[in-house]
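Undergrad: Okay, structure incoming, though there's no sequence with it:
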């Protein structure tokens with residue numbers, strides 16, 4: 001499946017933050033979490 005942030009065809013998981021829900025790879029999940037916690 002495709003990562004909705006970087007577009008890579010890799011393993012993704014559903015990631016919900018506030019009202020946003022995305023399917024992200026592990027690398028993008030870490031980046032997204034850093035944005036939210038900043």
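TA: Perfect, I can see it now. None of these values were measured; they are calculated from a predicted model.

Undergrad: Show me the helices in this structure, by range?
TA: 26-37 (DSSP state H).

Undergrad: contacting residues for the residue nearest to the spatial centre of it?
TA: When C-alpha atoms, centre = their mean is applied to the chain, the residue found nearest the centroid is residue 24 (3.0 Å). Neighbour list for residue 24: 3, 4, 5, 12, 13, 15, 32 [criterion: C-beta atoms under 8 Å, 6 or more residues apart in numbering]. For every residue, glycine as well, the C-beta is placed using N, CA and C.

Undergrad: So, low pLDDT: which residues of this structure?
TA: Applying pLDDT under 70 to the chain picks out no residues at all.

Undergrad: show me the contacts for residue 9.
TA: Counted by C-beta under 8 Å, 6+ apart, residue 9 has contacts 1, 2.

Undergrad: one step back: what's the nearest residue to the residue nearest to the centre of the chain if we skip its chain neighbours?
TA: residue 15 (4.7 Å; C-beta to C-beta, 6 or more residues apart in numbering).

Undergrad: Determine the number of other residues adjacent to the one you found.
TA: 17 (other C-beta atoms under 10 Å).

Undergrad: go on, the one 10 residues further on?
TA: Other residues near residue 25 come to 22 when the count uses other C-beta under 10 Å.

Undergrad: ok, and the closest non-adjacent residue to it?
TA: In space, residue 25 is closest to residue 3, 4.2 Å off (C-beta to C-beta, 6+ apart).

Undergrad: what's the answer for residue 11, then?
TA: Residue 11 sits nearest to residue 25 (C-beta to C-beta, 6+ apart), 6.7 Å away.

Undergrad: Phi, psi for the one you found please.
TA: Phi and psi for residue 25, reported as degrees, to the nearest 10, are phi -80, psi 170.
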